[in-house]
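Visitor: Here is the input, now give the coordinates:
(one chain, ligands or ions: 1)
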Amino acid sequence: MTKKICLTGVKPTEMPHLGNYIGAIKPAIELSNSDEFDGHLFIADYHSLIGVHKGSELRDYIYEVAAVWLACGLDPEKTTLYKQSDVPEILELNWILNCFASKGILNRAHAYKAKVQDNEDHNRDPDYGVSAGLYNYPTLMAADILFINSDIVPVGEDQVQHIEIARDIASAFNHHYGDIFKLPTAKTREGALLPGLDGRKMSKSYHNHIPLFVPEKKLKKLINKITTDSTPPEDPKNPDDSLIFDIYKFFANDSQIQNLKNRYAEGIGWGHAKLELFEVVNSEISPLREKYNHYMNNKNLVDEVLAEGASRVRKKAMENLRQVKEAIGVL
Ligand code: TRP
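Guide: Predicted coordinates for the structure are as follows:
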């Protein structure tokens, strides 16, 4: 039986943080390395062109994002890893899909709407600073998904609307030409929200984050910034009321968790608790950090993986695109 196609894309941007690692990267890798699906992960570099307008910067981000996923355990034998820009069939399909994307729906896409709202709030022209690329972002995303007839698309909540738009475009096309595209299903991740240094959800915009691959010393320094109260060291402490413990749980095993609970009950100084936290985080991250550095120092390894991934996926892409082109009558 052929396996279901599972596909997701990541925009190359700045280094992800520990919250992205726990909440998105780790579960996505587990899913795509499982034998349940035919996994695909791609770097959405053309999507980044909407915001990144410096070649050297985009090039660095592309290597970083590929190195991060490979370092975190993505197995390129099992999961096809490729770069969007290496697959010209996606862009051919993009135009075709544009002709089936209703403008009314694109008007309602969150990212575009937010930008228009911001312009209106500042008494600017509603489309000030809006490129056609931003406006058509959902169509390119539909092409990313539909070009190999993906079944399952794992994404964060904020992307669900885009999958719905992809389904809508696919249905509009199928309405004219029959069952050419499969309608993809979004799979959202539950739970696993890592708190940041101040206790709110870890997020770059709150400046409470820990970048995934910072040197050990910097990691220790950041962990030391975690907010604590002024309870004296010898007082017993409630682990359920401690940010350090909340983060600890994501990295420690059961016996480590039990041990730290006991130490909280006996009374532990916050400095010591932070040291324990640093130890578990670092022991999970440091082998990955080494792999990451290895890829970043040997970019040819990344190039090879991406080239192999693109050649694998293009075989399917060409075959599917041929069917689409026959259907619309250009072939
Ligand atoms: N828009 C997605 C994000 O910002 C990235 C992305 C691009 C994507 N194309 C995709 C995700 C196709 C899933 C499928 O996170």
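
Visitor: helix/strand/coil for Thr8?
Guide: When classified by DSSP: H, G, I helix; E, B strand; the rest coil, Thr8 comes out as strand.

Visitor: List the contacts of it.
Guide: 28, 32, 40-42, 153-155 (C-beta atoms under 8 Å, 6 or more residues apart in numbering). No exception for glycine: its C-beta is placed from N, CA and C like everyone else's.

Visitor: ditto for Pro12
Guide: 43-45, 48, 52, 58, 61-62, 64-65.

Visitor: Just to be sure, it is in a helix?
Guide: No - counting by three-state DSSP, Pro12 is not found in a helix; it is coil.

Visitor: Would you mind measuring from the residue nearest to it when sequence neighbours are not counted to Val68?
Guide: Spatial nearest neighbour of Pro12, excluding adjacent residues (C-beta to C-beta, 6 or more residues apart in numbering): Tyr61 at 3.6 Å. In this view, Tyr61 and Val68 are 10 Å apart by C-beta to C-beta, to the nearest Å.

Visitor: Please parse this structure into its domains.
Guide: The chain breaks down into these domains under automatic domain parsing: 4-101+136-194+299-328, 213-291.

Visitor: sorry, back to before: most surrounded residue in the contacts of Pro12?
Guide: Neighbour tally across the contacts of Pro12 (other C-beta atoms under 10 Å): the maximum, 26 neighbours, falls on Ile43.

Visitor: what residues are up against it?
Guide: For Ile43, the contacting residues are 9-12, 62, 65-66, 81-84, 306, by C-beta under 8 Å, 6+ apart.

Visitor: repeat that with 10 Å
Guide: Going by C-beta atoms under 10 Å, 6 or more residues apart in numbering, Ile43 touches 9-12, 61-66, 69, 81-86, 306, 309.

Visitor: Give the burial count for the residue of the stretch 1-150 of the chain found nearest the ligand, as a bare number.
Guide: Closest approach between the stretch 1-150 of the chain and the ligand, counting by C-beta to the nearest ligand atom: Gly9, at 3.0 Å. Residues lying near Gly9 (other C-beta under 10 Å) number 19.

Visitor: Check the one 10 residues further on too.
Guide: By the criterion of other C-beta under 10 Å, Gly19 has 23 neighbours.

Visitor: Can I take it that it is in a helix?
Guide: Yes - with three-state DSSP as the criterion, Gly19 is part of a helix.

Visitor: Just to check, it is in contact with Ser203?
Guide: Yes - using C-beta atoms under 10 Å, Gly19 is in contact with Ser203, at 6.9 Å.

Visitor: what residues are shared contacts of these two?
Guide: The contact lists of Gly19 and Ser203 share 193-194, 196, 209, where a contact means C-beta under 10 Å, 6+ apart.

Visitor: With neighbour count and pLDDT as added columns, please give those residues in JSON lines.
Guide: Below are the shared contacts of Gly19 and Ser203 laid out as JSON lines (neighbours: other C-beta atoms under 10 Å; pLDDT from 0 to 100):
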{"residue": "Leu193", "neighbour count": "14", "pLDDT": "86"}
{"residue": "Leu194", "neighbour count": "21", "pLDDT": "94"}
{"residue": "Gly196", "neighbour count": "23", "pLDDT": "96"}
{"residue": "His209", "neighbour count": "21", "pLDDT": "96"}
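
Visitor: Before I go, just wanted to say thanks for your time.
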